[in-house]
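>>> Dropping a prediction and its sequence here:
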There are 2 protein chains.
Amino acid sequence: MPPIVSIVGGSDAGKTMLLEKVVRELKTRGYRIGTVKHDAHGFEVDHEGKDSWRHKRAGASTVAISSSKKVAIIKDVETEETLDGLASKYFQDVDIILTEGYKKEDKPKIEVFRSPVHDTLLCKEDEHLVAVVSDTSFNLDVPQFELNDIKGLADFLEKGFLIGL
Amino acid sequence: MPPIVSIVGGSDAGKTMLLEKVVRELKTRGYRIGTVKHDAHGFEVDHEGKDSWRHKRAGASTVAISSSKKVAIIKDVETEETLDGLASKYFQDVDIILTEGYKKEDKPKIEVFRSPVHDTLLCKEDEHLVAVVSDTSFNLDVPQFELNDIKGLADFLEKGFLIGL
């Protein structure tokens, strides 16, 4: 199974932006990257009126759209998938899985923190916290990176989770 | 592996509409249904600007969005998935897979034909043709159903592919 690392942080911490930058950097280094977005509110991926959308609305529990370039799957679940479940079913062909959110799971976590937006680190007491990306510094035993130090963060991921594992 | 049956037909034959009705009918009868839409032109499932869309654009080869109700997966492929490949990877938990399109694959096919729109039956010579749904009748050895005979078509699918298999 590919290693899983979660990018966590409060609202407006810039998790998506950081994830985008890290994905770009790791891709440049030749890795195949999977991402998982945790959705708590219910989401709509397909476009209303499309054939696949109509299949789903009619009652199909799993809908696939397949072309020569990509595949999309939309599947009902009875209970939320764990990260390990997702990894084993859908991510066998990537080198690393980066998640946005999933602070309650037990995967290694990198917390993004911006002092103008947040008061306290979410995962200060979390034994799975492996790094912090922030505009300030904390009295903590984990590596800390500046918000724009994408190369440093990619090095950290590469050394810790990609090389020789 | 669940049985796979393809709904085929020319443009504007009403494949999606027939598929919707059959899905509804089979679901009412208690079956779990998967569907596959063949896409020849390239498709966009996700919504521009969404976090998952941003992950994919940044270069992730597989993106998942997961909630307590459903999972969506968008995955790059190097060559188009076969129906058997899709079935084994993504459809283990359904009773039947109905596809829209896939007339070139070797799965049992039901052709939808409307005489005002089409001249000839696409799969007349195809040994995998198992039924025709049409506003007209053909000199053929396979069962033929009226366009609105959804119960008849569902009975056919149930007897041929769902019961005792």
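Cool, got the structure. Note that the structure is predicted; figures quoted are calculated from it, not measured.

>>> And the helices in chain A?
A:15-28, A:51-58, A:83-90, A:150-157 (DSSP state H).

>>> Now A:Glu105. Its backbone dihedrals?
Backbone torsions of A:Glu105, given as degrees, to the nearest 10, read phi -80, psi 170.

>>> nearest to A:Pro108, of the helices of chain A?
Smallest distance to A:Pro108 across the helices of chain A (C-beta to C-beta): 9.5 Å, for helix A:150-157. Backbone N, C-alpha and C define where each C-beta goes, glycine included.

>>> hey, C-alpha coordinates of that closest one in PDB?
Backbone C-alpha positions of helix A:150-157 (Å, rounded to 0.1, in the frame of the first residue of the first chain) are rendered in PDB as follows:
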ATOM      1  CA  ILE A 150       7.600  23.700  -0.800                       C
ATOM      2  CA  LYS A 151      10.900  22.200  -1.800                       C
ATOM      3  CA  GLY A 152      11.700  21.700   1.900                       C
ATOM      4  CA  LEU A 153       8.400  20.000   2.500                       C
ATOM      5  CA  ALA A 154       8.800  17.800  -0.600                       C
ATOM      6  CA  ASP A 155      12.300  16.800   0.600                       C
ATOM      7  CA  PHE A 156      10.800  15.900   3.900                       C
ATOM      8  CA  LEU A 157       8.100  13.800   2.200                       C
END
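
>>> Out of the helices of chain A, point me to the one whose mean pLDDT is lowest.
Comparing mean pLDDT over the helices of chain A, the weakest stretch is helix A:51-58, at a mean of 91.

>>> And the contacts of it?
A:46-47, A:63-65, A:72, A:74, B:16, B:19-21, B:23-24, B:27, B:35, B:37, B:45, B:100 (C-beta atoms under 8 Å, 6 or more residues apart in numbering or on different chains).

>>> Got a PyMOL select line for the buried ones in those residues?
To isolate in PyMOL the members of the contacts of helix A:51-58 that are buried, counting by 16 or more other C-beta atoms under 10 Å in any protein chain shown, one can use:
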select buried, (chain A and resi 46+63+64+65+72+74) or (chain B and resi 16+19+20+21+23+24+35+37+45+100)
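
>>> Now do the helix or strand of chain A with the lowest mean pLDDT against helix B:15-28, angle only.
The weakest-scoring helix or strand in chain A, judged by mean pLDDT, DSSP states H and E, is helix A:51-58 (a mean of 91). Going by axes from the mean of the first three to the mean of the last three C-alpha atoms, to 10 degrees, helix A:51-58 is angled at 20 degrees with respect to helix B:15-28.

>>> Which positions in helix A:51-58 come out as buried?
Buried positions in helix A:51-58, judged by neighbour count with 16+ other C-beta under 10 Å: A:51-56, A:58.

>>> so how far is that helix off the chain centroid?
28 Å (C-alpha atoms, centre = their mean, to the nearest Å).

>>> pull the CA atoms of it into PDB?
C-alpha atoms of helix A:51-58 as PDB (Å, rounded to 0.1, in the frame of the first residue of the first chain):
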ATOM      1  CA  ASP A  51     -25.900  10.700 -18.900                       C
ATOM      2  CA  SER A  52     -23.900   9.400 -15.900                       C
ATOM      3  CA  TRP A  53     -25.700  11.800 -13.600                       C
ATOM      4  CA  ARG A  54     -29.000  10.500 -15.000                       C
ATOM      5  CA  HIS A  55     -27.900   6.900 -14.300                       C
ATOM      6  CA  LYS A  56     -27.100   7.700 -10.700                       C
ATOM      7  CA  ARG A  57     -30.300   9.600 -10.200                       C
ATOM      8  CA  ALA A  58     -32.300   6.600 -11.500                       C
END
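
>>> State the number of residues packed around the nearest residue to A:Ala13 once chain neighbours are set aside.
Spatially, and ignoring its direct neighbours in sequence, A:Ala13 is nearest to A:Val112 (4.2 Å; C-beta to C-beta, 6 or more residues apart in numbering or on different chains). When neighbours are counted by other C-beta atoms under 10 Å in any protein chain shown, A:Val112 registers 26.

>>> Repeat that for A:Ala40.
Neighbours of A:Ala40 (other C-beta under 10 Å): 9.

>>> give the contact list for the closest residue to A:Tyr31 other than its chain neighbours.
Spatially, and ignoring its direct neighbours in sequence, A:Tyr31 is nearest to A:Asp95 (4.4 Å; C-beta to C-beta, 6+ apart). Contact partners of A:Asp95, counting by C-beta under 8 Å, 6+ apart, are A:2, A:31-33, A:162.

>>> Return the subset of the residues you listed lying in strands.
The strands, defined by DSSP state E, take in A:Ile33 from the contacts of A:Asp95.

>>> Let me have the contacts of A:Asp95 in a markdown table, extended by pLDDT and neighbour count.
Listed next are the contacts of A:Asp95 as a markdown table, based on pLDDT from 0 to 100; neighbours: other C-beta atoms under 10 Å in any protein chain shown:
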| residue | pLDDT | neighbour count |
| --- | --- | --- |
| A:Pro2 | 96 | 21 |
| A:Tyr31 | 97 | 19 |
| A:Arg32 | 97 | 17 |
| A:Ile33 | 98 | 26 |
| A:Leu162 | 96 | 17 |
